[in-house]
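Undergrad: okay, sequence plus prediction incoming.
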Amino acid sequence: MITAEERGAGRAKIIAGDLSARITQSSTIAVGSASTGKAYACTVTATNALGTSPVSVASASVTVGAPAAPGKVTVARVAAGRIKVSFAAAANNGSPVTSYTASCASGNGGATHAKSGTGSPLTVTGLTAGKRYTCTVTASNARGKSPASSASASVTA
């Protein structure tokens, strides 16, 4: 979202790369038709009876698309067969993250399981007690699913 505030009786124009939108009052707007995977920076001009302002400084760049991979993943055994997976939120890349999925896999014969939810931490259940696990996390939004995070350290379920 881009915020532009009108000053006086006029209008503002928001430009994001080759996309633009016009507003006629103070508002927060979403610039439509953005392409997934493309980076956009935005500028603003305002127009009133005296003319059009200079172009603003460009905003920070935003890459539109699926979220980035969630950050550092840490794990802790909470009970036999249950691991609490904590992680840093993913950058949403222009569309709010709607869910995270923690997946835990064993390297020595334990059952693989996953748990989805809206944030950290997530507790994965149904794991084989006494087996060692590493876990990864993915994030999803309206534009897709992130790559998996780096794997956690190993923990016994």
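TA: Okay, I see it.
Undergrad: just want the most central residue of this structure.
TA: Note on the chain: the residue nearest the mean C-alpha position is residue 92, at 1.8 Å, using Cα atoms, centre = their mean.
Undergrad: roughly how far does that residue sit from residue 70?
TA: Using Cβ to Cβ, to the nearest Å, we find residue 92 at a distance of 11 Å from residue 70. The way it works is simple: take the backbone N, C-alpha and C, and place the C-beta from them, glycine included.
Undergrad: residue 153 now?
TA: 16 Å.
Undergrad: chain center to stretch 34-41, what's the gap?
TA: On the basis of Cα atoms, centre = their mean, to the nearest Å, the separation between the geometric centre of stretch 34-41 and that of its chain is 14 Å.
Undergrad: buried sites along that stretch?
TA: Buried residues in stretch 34-41, counted by 16 or more other Cβ atoms under 10 Å: 34, 40.
Undergrad: also stretch 145-157?
TA: Judged by neighbour count using 16+ other Cβ under 10 Å, the buried positions of stretch 145-157 are 146, 148-149, 151-152, 155, 157.
Undergrad: all helices for this protein, in order.
TA: Taking DSSP state H to define them, one finds no helices in the chain.
Undergrad: listing request: residues of it with sub-threshold pLDDT.
TA: Applying pLDDT under 70 to the chain flags the ranges 1-32.
Undergrad: show me it divided up by domain.
TA: Listed by automatic domain parsing, the domain ranges of the chain are 2-63, 73-156.
Undergrad: packed most tightly, which of the ones you listed would that be?
TA: Comparing the domains of the chain by mean neighbour count (mean count of other Cβ atoms under 10 Å), domain 73-156 ranks first with a mean of 18.
Undergrad: which residues touch residue 54?
TA: In this structure, residue 54 makes contact with residue 45, judged by Cβ atoms under 8 Å, 6 or more residues apart in numbering.
Undergrad: run the last query once more with 10 Å
TA: Residue 54 makes contacts with 43, 45-46, as judged by Cβ atoms under 10 Å, 6 or more residues apart in numbering.
Undergrad: with residue 114 instead?
TA: Counting by Cβ under 10 Å, 6+ apart, residue 114 makes contact with 85, 101-105, 122, 124, 126, 135-138.
Undergrad: what's the farthest-apart pair in the residues you listed?
TA: With distances taken as Cβ to Cβ, the most widely separated pair in the contacts of residue 114 is 126 and 138, at 18.6 Å.
Undergrad: picking that back up, of the contacts of residue 114, which belong to strands?
TA: Cross-referencing the contacts of residue 114 against strands under DSSP state E gives 85, 101-105, 122, 124, 135-138.
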